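> Need coordinates for the following:
(one chain, ligands or ions: 1)
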Amino acid sequence: MNQLEPGCTKVRELCSDYVDGELDIQASRHVASHLGECGPCQALIATLKATIALLRIPQHHRAPDSLRARVKQNIKGIKA
Ligand SMILES: [Zn+2]
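Numbering: from 1, shown residues only. Next up is the predicted model:
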């Protein structure tokens, strides 16, 4: 099947924190530079951002933290 490159595995571990802006500068740069050369990871981040944006729409009923955590966990499990 689709074997992830080592760089991708690392980015997937970091991606939800990256989207949340919780990474330090160094890790954040690492993710950004990987995204510049990896289409599947770019797509993953785009999906993640869209999902989180949905969760953050203010007029929606706010998703409970447990749901947010589960969504993040699911996204981490996505394989390109
Ligand atoms: Zn990648």
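> I figured Val71 was touching Ala50, is that so?
No - Val71 is not in contact with Ala50 according to Cβ atoms under 8 Å; the separation is 11.4 Å. For glycine as for every other residue, the C-beta is placed from the backbone atoms N, C-alpha and C.
> quick one: the helix or strand where Leu48 lies near the ion?
Assessed by DSSP states H and E, Leu48 sits inside helix 39-56. Yes - using Cβ under 5 Å from the ion, helix 39-56 reaches the ion at Cys41.
> all helices in the protein, in order from the N-terminus.
Applying DSSP state H to the chain gives helices spanning 6-20, 25-35, 39-56, 65-76.
> Which of those has the lowest mean pLDDT?
Lowest mean pLDDT within the helices of the chain: helix 65-76, a mean of 81.
> Identify the residue spatially nearest to Ser28, adjacent ones excluded.
Leaving aside its sequence neighbours, Ser28 sits nearest to Tyr18 (Cβ to Cβ, 6 or more residues apart in numbering; 6.2 Å).
> Show me what from the protein comes close to the ion.
8, 38, 41.
> Does the second one touch Val11 like I think?
Same thing as Cys38. Yes - shown here, Cys38 and Val11 form a contact pair, counting by Cβ under 8 Å, at 7.4 Å.
> Between those two, tell me which one has more neighbours.
More crowded of Cys38 and Val11, by other Cβ atoms under 10 Å: Val11, with 25 against 18.
> My guess is the more buried one contacts Val31. True?
Yes - the criterion here is Cβ under 8 Å, and Val11 meets it with Val31 at 5.4 Å.
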